[in-house]
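K.L.:
Output the structure for:
(one chain, ligands or ions: 1)
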Amino acid sequence: MTPISLEFFPPKTPEGVTKLAAVRQQLYALKPSFCSVTYGAGGSTQDGTLAAVQAILAEGVEAASHFTCVGADRASVLAKLEQFKAAGIRRLVALRGDLPSGYGGFGEFRYASELIAFIREATGRQFHIEVAAYPEMHPQAKSPQADLQAYVEKVKAGADSAITQFFFNADAYERFVNDTRKLGADIPVVPGIMPITNASGIIRFADSSGAEIPRWIRLRLQSFGDDTASIKAFGLDVVSELCERLLRVGAPGLHLYTMNAATAPLEICRRLKLD
Ligand code: FAD
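P.N.:
Purely as a prediction, here's the structure:
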């Protein structure tokens, strides 16, 4: 059975919290191996992350908190790790994060690899650590080779598994896995899958995160204009076929960026016969 994991973001309002609880109940039909909750780099939404992760654990489902180190110092990271442990959290997605505008500097951790090394030093094997991987290269990387090496450093520092940025080109994933294995990084690399439900949203999101939307997908999406039914139908075809290809080339699971909605993830898994 292909392991499925699900990603949520922390809601900002009480209505959002109630709505997300209902979305999770629908998505638990997929029997996720874990659910993760994003973390606002530099301070915003961090309490919401903890609350959402605790709610998932209370529902009897394994949960991971994302955790960014940008702007943090060792003392604040240690305090946060204690808070995670006390809340029963045993799985982290350890990230650098991006500096929010107006923030002074990076703090005591320059890269995610430094955070991972610090977590291992401070807490041994108490946490399962996931890291981010970029099959199409992180937007700030100095070069493709430097980016692959930066990923390898995260694995050497103690990462257990990786989740990728979303992408629509299966070749990029295959190449990333092969190249990083050759460099000695042999942890599972689970592709992050972004459903397409909204043309302008996905184009904006891809532009900001360095993911490439192939020309043919971009043009087809733009050609649908306001016809949201056609966008959703096309998006489901494209993303389900991408998942099929990824599983055929050996992806060890799928991590679905749910955007706090159940319909597209459920339909993708139904088409893949993973429901
Ligand atoms: P790093 O691995 O540290 O890499 C950052 C950059 O530095 C890269 O360009 C890399 O090539 C370079 N680099 C790393 N090490 C070195 C070195 N030794 N020398 C020179 N260059 C180096 N953001 C959030 O704010 N909250 C979240 O919850 C969140 N969740 C995410 C989940 C996933 C699965 C992914 C893929 C991304 C997520 N992000 C999140 C976004 C992430 O924080 C940004 O992409 C951020 O810019 C990089 O974080 P990182 O952990 O990948 O950084």
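K.L.:
Could you use CA atoms for every contact and neighbour count after this?
P.N.:
Fine.
K.L.:
Mind listing residues that contact the longest helix seen in the chain?
P.N.:
With secondary structure taken from DSSP state H, the chain has its longest helix at helix 228-248. Taking contacts as CA atoms under 8 Å, 6 or more residues apart in numbering, the residues outside helix 228-248 that touch it are 168-170, 173, 191, 193-199, 221, 224, 253-254, 264, 267-269, 271-272.
K.L.:
Mind giving me the PyMOL select for those, buried ones only?
P.N.:
Per 16 or more other CA atoms under 10 Å, the buried members of these correspond to this PyMOL selection:
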select buried, resi 168+169+170+173+191+193+194+195+196+197+198+199+221+253+254+264+267+268+269
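K.L.:
Which ones among the contacts of helix 228-248 lie within strands?
P.N.:
Applying DSSP state E to the contacts of helix 228-248, the entries found in strands are 191, 193, 254.
K.L.:
quick check, distance from stretch 169-188 to the centre of its chain.
P.N.:
17 Å (CA atoms, centre = their mean, to the nearest Å).
K.L.:
check whether that stretch contacts the ligand.
P.N.:
No: counting by CA under 6 Å from any ligand atom, no contacts exist between stretch 169-188 and the ligand, the nearest distance being 12.8 Å.
K.L.:
how about that stretch: buried residues?
P.N.:
169, 170, 173, 176, 177, 180, 185, 186, 187.
K.L.:
out of the contacts of helix 228-248, which are inside helices?
P.N.:
Mapping these onto helices (DSSP H) picks out 170, 173, 199, 221, 264, 267, 268, 269, 271.
K.L.:
Which one of those residues is nearest to residue 158?
P.N.:
Each of the ones in helices among the contacts of helix 228-248 was checked against residue 158 using CA to CA; the closest is residue 173, at 21.7 Å.
K.L.:
Wait, that closest one touches residue 163, no?
P.N.:
No: under the contact definition of CA atoms under 8 Å, residue 173 does not touch residue 163, with a separation of 11.1 Å.
K.L.:
list residues touching both of these two?
P.N.:
residue 191.
K.L.:
Alongside the ligand, which residues does the stretch 151-275 of the chain contribute?
P.N.:
163, 164, 165.
K.L.:
Pretty sure the last one sits against residue 206.
P.N.:
What it means is residue 165. No: distance between residue 165 and residue 206: 9.7 Å, which falls outside the contact criterion (CA under 8 Å).
K.L.:
Residue numbers of the stretch 1-150 of the chain in contact with the ligand?
P.N.:
The stretch 1-150 of the chain comes close to the ligand at residues 38-41, 66, 95-98, 111-112, 132-133, 138, 140-141, 146-147, 150, as judged by CA under 6 Å from any ligand atom.
K.L.:
Quick one, which of the residues you listed are buried?
P.N.:
Buried positions within these, assessed by neighbour count (16+ other CA under 10 Å), are 38-41, 66, 95-97, 111-112, 132-133, 138, 147, 150.
K.L.:
can you redo the ones in helices among the contacts of helix 228-248 as JSON lines with pLDDT and distance to residue 212?
P.N.:
Converted to JSON lines, the ones in helices among the contacts of helix 228-248 look like this (pLDDT from 0 to 100; distance: CA to CA, whole Å):
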{"residue": "170", "pLDDT": "97", "distance to residue 212": "12"}
{"residue": "173", "pLDDT": "98", "distance to residue 212": "13"}
{"residue": "199", "pLDDT": "94", "distance to residue 212": "14"}
{"residue": "221", "pLDDT": "96", "distance to residue 212": "14"}
{"residue": "264", "pLDDT": "98", "distance to residue 212": "21"}
{"residue": "267", "pLDDT": "98", "distance to residue 212": "23"}
{"residue": "268", "pLDDT": "98", "distance to residue 212": "21"}
{"residue": "269", "pLDDT": "98", "distance to residue 212": "23"}
{"residue": "271", "pLDDT": "98", "distance to residue 212": "24"}
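K.L.:
quick one, phi psi at the residue in the stretch 151-275 of the chain that the ligand sits nearest to?
P.N.:
Nearest residue of the stretch 151-275 of the chain to the ligand: residue 165, at 3.7 Å (CA to the nearest ligand atom). According to degrees, to the nearest 10, the main-chain angles of residue 165 amount to phi -60, psi 160.
K.L.:
residue contacts, it?
P.N.:
132, 133, 134, 135, 191, 192, 211.
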